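Visitor: pasting the sequence and the predicted coordinates here, then a few questions.
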Amino acid sequence: MLEKVIERQLVKSIKACGGWCIKVNTLSACGFPDRMVLMPNGKIGFVEVKAPGKKPRAIQVKRIKQLRDLGFQCFVLDDVSEIGEILDAIYTS
């Protein structure tokens, strides 16, 4: 499965729950996660989307750690079956 197929399903799932799944295009910080997930009641998370079995690059791992250290939830998604778990984690934060 291609990364873009997984990303499309993520966006569709977030919209179905009443949230926004914003594509993050930052020029000032390379390695930032692909998507910012904004859910009802002020819930937020970041998702790095990868093709199945692919791992984040070193700079992506660094950015994920920086965001987590600030208290944000960050996820690496490489399988559509994980989308529900990510949504649950963001909702229950």
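Guide: Nice, I can see it. Values in this document were obtained by computation on a predicted structure and should not be read as measured data.
Visitor: got the contact list for residue 43?
Guide: The contact partners of residue 43, by C-beta atoms under 8 Å, 6 or more residues apart in numbering, come to 19, 90-91, 93. (Each C-beta comes from the backbone N, C-alpha and C, glycine too.)
Visitor: in helices, which of those fall?
Guide: 90-91 (DSSP state H).
Visitor: for stretch 81-92, which outside residues touch it?
Guide: Residues outside stretch 81-92 that contact it (C-beta under 8 Å, 6+ apart) are 9-10, 13-14, 17, 37, 39, 43-45, 47, 73, 75, 77.
Visitor: if you set the cut-off to 6 Å instead, what comes out?
Guide: Under the criterion C-beta atoms under 6 Å, 6 or more residues apart in numbering, residues 10, 13, 37, 39, 43, 45, 75 lie in contact with stretch 81-92.
Visitor: check those and tell me the two furthest apart.
Guide: 10 and 43 (15.2 Å; C-beta to C-beta).
Visitor: what's the neighbour count on residue 27?
Guide: Neighbours of residue 27 under the rule other C-beta atoms under 10 Å: 5.
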